[in-house]
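Novice: Take this sequence and fold it.
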Amino acid sequence: MLASLVWLAIGAFAIGTEGLMIAGLLPAIAADFHSSVATAGQLITIFALAYAVGSPILSALCGGLDRRRLLMAALLAFALANLLAALTESLWQLVAARVLLALSAGLFMPTAYAVAASLVPPERRGRAIATVTSGMTIATALGVPLGAWIGNHADWRSTFLIVAGLSLAGVAGLRFGLPARLPLGASTLAERLAVARRPAVLQALTVTFFWIAAAFVLYTFIAPYLERAAGIGLDGVTAMLFLFGIGSAVGNALGGQLTDRIGPARLQLGALAVLTLALAGLSAVTALPSAQALIAIVPLMLVWSIAGWAFHPAQTTRLIRLAPEVGMIAASLNSSALYAGIAFGSALGAATLERGGVTALGWVGALSAAVALALLAATARRRETAAATQAA
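Specialist: Numbers count the residues shown, from 1 in each chain. Okay, here's the model as predicted:
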């Protein structure tokens with residue numbers, strides 16, 4: 001079964017690389033299509049929005065299909081959409097290609113998580129899902145900076161060709177590495193909506209929305225931010241993305257361990273507080289000379305990535321605990337809320353960039369993180385009050 005999980009993780013790696021590497025390529029894409037970086041940022045907004053809306057609908061509609069064939073078809077469509085992206089001749093053609101990328105990715109990832117959970121006994125499902133998630137984490141740490149480096153030194157289109165090749169390899173691996181006749185058991189769209197309407201689940205999804213929006217206000221435009229704040233060129237951006245990826249991997253591992261030790265709520269409150277301060281600090285240092293700003297930016301980006309990714313496993317665990325009988329549906333809804341937040345954050349970042357410049361990105365991101373922190377604190381306080389009342 002381990003080999004099957006590895007092939008699922010490779011598919012997640014390809015999807016994560018394409019989904020995140022675009023932030024480092026925005027200046028090159030904008031220059032190629034003679035548009036502003038803020039306009040090119042809509043590539044991230046529209047991708048995330050298409051994923052958030054399309055993923056639950058497609059997952060419900062395709063729930064009765066053979067899962068191995070469904071995974072292969074989704075990853076094959078993802079490969080073809082990457083080829084289309086590499087051949088586009090205008091920004092809006094690239095936007096259309098990214099919509100196809102989002103829809104195929106939104107079908108692949110929830111199915112991959114469900115298949116991973118079905119391949120192992122119940123007591124090992126957490127580790128199986130974490131194996132698939134590791135593909136996204138590795139993409140953040142290695143695939144994203146590598147893709148940005150290749151795009152900046154060759155042609156940004158080549159990164160899409162590389163991801164297409166990786167996706168095709170994943171299709172072959174799924175064909176021979178996954179067992180046939182996997183269980184179906186997918187939920188309907190009505191069942192997903194019923195879970196989303198639960199007050200506790202809806203509150204948690206709102207926290208997810210503002211948490212990830214906070215990060216993508218700045219992450220979407222990390223290249224122009226680094227150039228303005230510290231005079232960092234394209235190679236420097238690649239190095240900073242690599243640093244961010246390392247921090248993300250550390251945060252993901254640390255978040256999983258601390259969630260088991262101290263519980264998700266305490267970890268989430270601490271992570272959001274640190275994230276708020278880190279994002280605010282990244283705006284504050286833009287007032288310093290470039291050399292001094294660079295010295296401050298390096299640790300701040302590391303803290304930002306660790307705190308941001310430490311939040312994610314705790315939030316997934318909390319959602320499953322809130323609705324244990326429909327835990328997989330709750331986790332799937334969390335993915336939709338996450339991509340909706342990415343769409344909102346990148347759009348908000350574009351508006352901030354046009355009106356306030358790169359120096360305001362961190363402040364706006366910090367405000368979004370503070371909203372998530374306030375919502376989570378209010379929810380935790382209500383739960384403590386309810387528990388105390390029930391005990392009395």
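Novice: Kindly state the pLDDT recorded for residue 380?
Specialist: For residue 380, the pLDDT comes out at 71.
Novice: buried residues in the longest helix anywhere in the chain?
Specialist: Scanning the chain for the helix with the most residues, using DSSP state H, yields helix 290-322. Neighbour counts over helix 290-322 (16 or more other C-beta atoms under 10 Å) mark 293-294, 296-297, 300-320, 322 as buried. Glycine gets a C-beta too; all of them are placed from N, C-alpha and C.
Novice: try stretch 254-271
Specialist: Applying 16+ other C-beta under 10 Å to stretch 254-271 flags 254, 255, 256, 258, 259, 264, 265, 267, 268, 269, 270, 271 as buried.
Novice: what about the longest helix of the chain, distance to the chain center?
Specialist: Relative to its chain's centre, helix 290-322 lies at 13 Å (C-alpha atoms, centre = their mean, to the nearest Å).
Novice: how about the helices of the stretch 101-250 of the chain, start to end?
Specialist: 125-138, 144-153, 156-177, 189-196, 199-219, 222-230, 234-262 (DSSP state H, counting those that start in this stretch).
Novice: And the shortest one, what does it pack against?
Specialist: By that I understand helix 189-196. Counting by 3 or more C-beta pairs under 8 Å, 6 or more residues apart in numbering; DSSP states H and E, the packing neighbours recorded for helix 189-196 are helix 42-61, helix 199-219, helix 327-356.
Novice: Output stretch 43-54 in PDB with nothing but the alpha carbons.
Specialist: What follows is stretch 43-54 as a C-alpha-only set of coordinates in PDB (Å, rounded to 0.1, in the frame of the first residue of the first chain):
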ATOM      1  CA  LEU A  43      -4.100  34.000 -12.300                       C
ATOM      2  CA  ILE A  44      -4.000  33.000  -8.700                       C
ATOM      3  CA  THR A  45      -7.300  34.500  -7.800                       C
ATOM      4  CA  ILE A  46      -9.200  32.800 -10.600                       C
ATOM      5  CA  PHE A  47      -7.500  29.400 -10.100                       C
ATOM      6  CA  ALA A  48      -8.400  29.400  -6.400                       C
ATOM      7  CA  LEU A  49     -12.000  30.500  -7.000                       C
ATOM      8  CA  ALA A  50     -12.400  27.800  -9.700                       C
ATOM      9  CA  TYR A  51     -11.000  25.200  -7.300                       C
ATOM     10  CA  ALA A  52     -13.200  26.300  -4.300                       C
ATOM     11  CA  VAL A  53     -16.400  26.200  -6.400                       C
ATOM     12  CA  GLY A  54     -15.600  23.300  -8.700                       C
END
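Novice: contact partners of that stretch?
Specialist: Stretch 43-54 has contacts (C-beta atoms under 8 Å, 6 or more residues apart in numbering) with 19, 22-23, 26, 29, 91, 94-95, 98-99, 101-103, 105-107, 216, 220, 336-343, 346-347, 350.
Novice: pLDDT and distance to residue 140 for the buried residues of stretch 254-271 - can I get that in JSON lines?
Specialist: Listed next are the buried residues of stretch 254-271 as JSON lines, based on pLDDT from 0 to 100; distance: C-beta to C-beta, whole Å:
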{"residue": "254", "pLDDT": "84", "distance to residue 140": "15"}
{"residue": "255", "pLDDT": "82", "distance to residue 140": "14"}
{"residue": "256", "pLDDT": "76", "distance to residue 140": "15"}
{"residue": "258", "pLDDT": "83", "distance to residue 140": "19"}
{"residue": "259", "pLDDT": "80", "distance to residue 140": "19"}
{"residue": "264", "pLDDT": "84", "distance to residue 140": "21"}
{"residue": "265", "pLDDT": "84", "distance to residue 140": "25"}
{"residue": "267", "pLDDT": "90", "distance to residue 140": "20"}
{"residue": "268", "pLDDT": "92", "distance to residue 140": "20"}
{"residue": "269", "pLDDT": "93", "distance to residue 140": "24"}
{"residue": "270", "pLDDT": "94", "distance to residue 140": "21"}
{"residue": "271", "pLDDT": "94", "distance to residue 140": "16"}
